[in-house]
Structures are given as C-alpha cells and as structure tokens.
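Visitor: What would the 3D arrangement of this be:
(chains A, B, C and D)
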Protein chains: 2
Amino acid sequence: MRLVIARCSVDYAGRLSAHLPLATRLLLVKGDGSVLVHSDSLSYKPLNWMSPPCTVAVIEPDADQAKAGVSEVWRVAQAKTADLLMISIHEILHDSSHELGFDPGLSKDGTEAHLQKLLAEQIELLGDGFTFVRREYMTAIGPVDILAKDVSGRSIAVEIKRRGDIDGVEQLTRYLELMNRDPHLAPVAGVFAAQEIKPQARTLAEDRGIRCVLLDYDAMRGMDDSHSRLF
Amino acid sequence: MRLVIARCSVDYAGRLSAHLPLATRLLLVKGDGSVLVHSDSLSYKPLNWMSPPCTVAVIEPDADQAKAGVSEVWRVAQAKTADLLMISIHEILHDSSHELGFDPGLSKDGTEAHLQKLLAEQIELLGDGFTFVRREYMTAIGPVDILAKDVSGRSIAVEIKRRGDIDGVEQLTRYLELMNRDPHLAPVAGVFAAQEIKPQARTLAEDRGIRCVLLDYDAMRGMDDSHSRLF
DNA sequence: ATGTCTATCTCGCTC
DNA sequence: GAGCGAGGTAGACAT
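Guide: Modelled structure (predicted):
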C-alpha cells in the first residue's frame, strides 16, 4: 500500500465524466493496483477511484501541462472496461509505502441472512400453527426468502428485510402474483417481516393484503438454541 | 488528516456487530474526526468506519488487553447514535499527519439530472406537438421526473433513467396509478425514457401501456443550445 | 460471465 | 427529521 499526499487535479471518464480541480488530497494505491482519491472530509466515500483490475502508468506531462505546473501524470486504466482516471500531480508532499500482508476479513452478525435463519427456526412467530416449508424457495423471478404454511395449510410467502421499504413490498408482490398462478401453490398469502417497517411500505403492503410483522432480532437471538447453549 | 499503519483488531457495534481479527491495516483519521479502516485490497469500501460527527478517545488497555499485546485502544463514538468502534492497537508502524485544506469538490457530467434537463428542453423528442409542463412534479409518493402534454393535451408522466430497469417501470406505474386518481390530471399516460432499456423492463412497461423511448445523450447534448454555442 | 439482491449502503434533495 | 431516489452505486452470491 502506497500513501501519497499531493496537490493534484483529477479527471475521470467512464460511465460518466467527472473533474476535480487542483487541491491537496490523499492518493491511496492498494496492493491490488486500485487507486482511491480521498479528501479530508466526507468520510467513507472516495472523491474518485479506480477499482481493480487496473493498471497505473506514470507518464511525463506534455508541454502545456508542464507549463501549468504538472510534474507527473498518473494514467489509471481499468483492465476490462474503458474507464480511465487521469491524476495530474503538481507537488508531492508525502510518499510512503507499507507492506500490510493478508487480511482475514470481516465477520458480521445481525444481517438479513441471520434474520432469515432465525425466523425459519421460529416460524411460529408469524402465528400459531405456522409451519416452515423451506428457505430460498425458487421461482422463475428469484428466490422467496421463506415459504411456510399457516394453520389451515395455506401457503405463505415471507419476505424478510432488516428495514422494510417500499421496494421489498414490490418484490413480494411480484412473487405472490407469480406463485398464485401456480395451481399447486395457490392460494398464497404474503407476510412482510422486518426489524423496522416504513409507514409508506406498511400502507402499500396492507393495501395489497400483505400482513406486516415486526421482528425483534435480539429476542429472536435470545431464543436461538445454538446461542442459548452458550449460557 | 492522520495516517496510521498499525497491527490492530477492530470491533463495531451499531446497526450490526462486526469484528476484524488482528492484522496490519491503514487507519485514516480525517479532519472532521471520522475514521476509516482500510486493508490492502477491496478498493472503495473501508473494512470498517465511523461517519462524522464522532469523537475519538485514546484509552489505556485493561490488564487482559495489555497481556494480549494491546498498547492502546481507540474508542470512536458516534455523536448522534449509539454506534461504537473500538480499535485495539498492538503496534504502530507508521504515523503521520497532513494539512490538506479546503477541497473544491467534484463536478460531474452525464448524470440522470443532465438527461432530465436536456429532455425537458427537447421534449419534442417524445413526439410531435409534445409540450413541457414541469420537472420534478411532486406527488404524495415522490417526484415525477417530467410532466408533459401530448399534442391532444393529455398529461404525460415521464420517468427518466440512465439504465432502464424493472424498478423504474414499477416506480412510474406507482406514479401513474396515483395521478390517474386525480381528476385534474387524469387521464395520464406514461413514458419510460432511458439511454438503455433492459428487455424485461421493456416487456413490463409495454404490457402496462407505458411507451418506451431510447435517449441518445451525446446527440441530445449536441442539440443543447448552451453547448452548441461553444462552437 | 451474467444477473440479482443486500448494504452499518452513502449522499443529496424536498417537504 | 422523515421520506424518496440516484449512485461511476460496490460487493456477495447464485446461475
């Protein structure tokens, strides 16, 4: 990993065009060749960047550029697309390289996948007598998070989100429309289950006869066998 | 901006929980107090981070941590939420600070906003006799990109995308449904305009009586007065 | 390789 | 502050 602090201007041409005027910024060149341009604020997101696989070539400035004070130009090219990043460097204020080695990566807890697993194990949270059929039930337009049956044996398609948004209701609606055309499944009812459901999403769902259920992740994890075994 | 290369482990607790085992990483502390943890690969996205406003407190390791080789702990706390990032530092391999100053920021060209502006000026691209009414026409469920009228005076709702996907058709469908309930507007027809329209999106749109129009950004920019004035 | 879906999505805008 | 939509969305996972 190479860290460069430099006064530079940046031009990107690819899916759109973008330009950064001359200013002092951090140029971060990673081990895989990718490049990030960061300013001193607006966390998280680089101002500009190039994803791997890409190549960095340092080229001499032409006469006009040299006259404008450019000492070197980095030509960062994507290997698979035509995306191009040109970094015109006026002055390098810091330049250091560091060997970081392998990173074991991030482990997460509390994602939608965890919610889905817990709800599959605790399907009775949706109602007395509910039974679990399967997770990731495949349809022609994608997998339904959970397929279950209610106490009367009717099929229930469950869409799970951490934050229940209008998009999730549209998604479930498409699944229900398709599944209700299948005589082996129909009639299929929908349940929209999430840790948080936005008012607009709830309104749209209930307008379409889809039941909304709020999930309490901590309570569900507390009920989880594999977890409670630790205590 | 402070750049630290350190052997560290990281724990995040907030919207989810996450853990990074001991490894060498870049810790980037920005002028606004935000912190980014980057590894040597997987560009763009930090492994872990804290967005501003947040505070960084350097605290002494407790007895167990000190025994495990921790020399200092950074406690990064979000000011508005309960999010917490704990960085346990075992060894600092590099540490430098740099004054970057103001960044004028990024200017873009070729976004959906540009397409929308150009189409508003060249609304006749949708058909002879079409007239422009307004951009960002507000409805209860969000703004319609362009409201226009056809040659017969019927209202036309236009949804613009750079890449026309099924989501965009759903979005326009929701607007049309709502607007057609308004007696002052109804009947409203829909036009789905994009630089590229996916076959699935086209099929869905046409099935719903929504007309699809392909936009040529370069040609539209060539027609633009403010642009052609340059030549 | 391609498509689909999630995201501590981020970011900007409007009401 | 909440809601809504765009993003060079990126990144993960399945086909």
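
Visitor: Run through the residues that contact the nearest residue to A:Gly31 once chain neighbours are set aside.
Guide: Excluding the flanking residues, the one nearest A:Gly31 by C-beta to C-beta, 6 or more residues apart in numbering or on different chains is B:Asp40, at 4.0 Å. Just so you know, the C-beta spots here come from the backbone N, C-alpha and C atoms, and that holds for glycine as well. Going by C-beta atoms under 8 Å, 6 or more residues apart in numbering or on different chains, B:Asp40 touches A:1, A:30-32, A:100-101, A:103.

Visitor: Could you check which residue of chain A lies nearest DNA strand C?
Guide: A:Gly142 (3.0 Å; C-beta to the nearest atom of the strand).

Visitor: roughly how far apart are the residue nearest to that residue when sequence neighbours are not counted and A:Met138?
Guide: Closest residue to A:Gly142 apart from its sequence neighbours, by C-beta to C-beta, 6+ apart: A:Tyr175 at 7.4 Å. Separation of A:Tyr175 from A:Met138 (C-beta to C-beta, to the nearest Å): 11 Å.

Visitor: and what of A:Lys149?
Guide: 18 Å.

Visitor: and what of A:Ala68?
Guide: With distances taken as C-beta to C-beta, A:Ala68 is found 59 Å from A:Met138.

Visitor: Between these two, which is the more surrounded one?
Guide: A:Ala68 (13 against 10; other C-beta atoms under 10 Å in any protein chain shown).

Visitor: What pLDDT is listed against that one?
Guide: Here, the pLDDT recorded for A:Ala68 equals 96.

Visitor: hmm, back to that, what about the residue nearest to A:Gly31, is that helix, strand or coil?
Guide: Classification of B:Asp40 by DSSP: H, G, I helix; E, B strand; the rest coil places it in coil.

Visitor: Distance check, it against A:Pro183.
Guide: 55 Å.

Visitor: ok, which residues in chain A are in contact with DNA strand C?
Guide: A:42-45, A:106, A:108, A:111-113, A:141-142, A:161-163, A:167-168, A:171 (C-beta under 7 Å from any atom of the strand).

Visitor: Just the buried residues from these, in ChimeraX please.
Guide: Selection of buried members from the residues of chain A next to DNA strand C for ChimeraX, criterion 16 or more other C-beta atoms under 10 Å in any protein chain shown:
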select /A:42,43,106,161,162,168,171
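
Visitor: Now, the residues of chain A next to DNA strand C that are in helices?
Guide: Taking DSSP state H as the definition of helices, the residues of chain A next to DNA strand C contribute A:112-113, A:167-168, A:171.

Visitor: out of those residues, what pair is the most spread apart?
Guide: A:Ala113 and A:Asp167 (18.1 Å; C-beta to C-beta).

Visitor: can you map out the helices along chain A?
Guide: According to DSSP H, the helices that chain A contains are A:63-67, A:112-121, A:166-179, A:199-207, A:217-223, A:225-228.

Visitor: looking at these, which is buried most?
Guide: Among the helices of chain A, helix A:166-179 has the highest mean neighbour count (mean count of other C-beta atoms under 10 Å in any protein chain shown), at a mean of 20.

Visitor: Quick one: distance of that helix to the chain centre.
Guide: Here helix A:166-179 is found 20 Å from its chain centre; the criterion is C-alpha atoms, centre = their mean, to the nearest Å.

Visitor: Over to stretch A:214-223?
Guide: 23 Å.

Visitor: what's the average pLDDT for that stretch?
Guide: Computed over stretch A:214-223, the average pLDDT equals 83.

Visitor: I'd like to know the beta-bridge partner residues of the spatially closest residue to A:Glu72 that is not a sequence neighbour.
Guide: Nearest non-adjacent residue to A:Glu72, counting by C-beta to C-beta, 6+ apart: A:Ile89, 5.1 Å away. For A:Ile89, the beta-bridge partners are A:Cys8, A:Glu72 (DSSP bridges).

Visitor: quick one: pLDDT of A:Lys30?
Guide: In this model, A:Lys30 carries a pLDDT of 95.

Visitor: And for A:Leu230?
Guide: 36.

Visitor: Check A:Pro143 too.
Guide: A:Pro143 is given a pLDDT of 80.

Visitor: So what's the residue count around it?
Guide: The number of residues near A:Pro143, taken as other C-beta under 10 Å, comes to 13.

Visitor: do stretch A:214-227 and DNA strand D meet at all?
Guide: No - judged by C-beta under 7 Å from any atom of the strand, stretch A:214-227 stays clear of DNA strand D, getting no closer than 14.4 Å.

Visitor: List the contacts of A:Ile166.
Guide: A:198, A:200-201, A:204 are the contacts of A:Ile166 under C-beta under 8 Å, 6+ apart.

Visitor: Perfect, that will be all.
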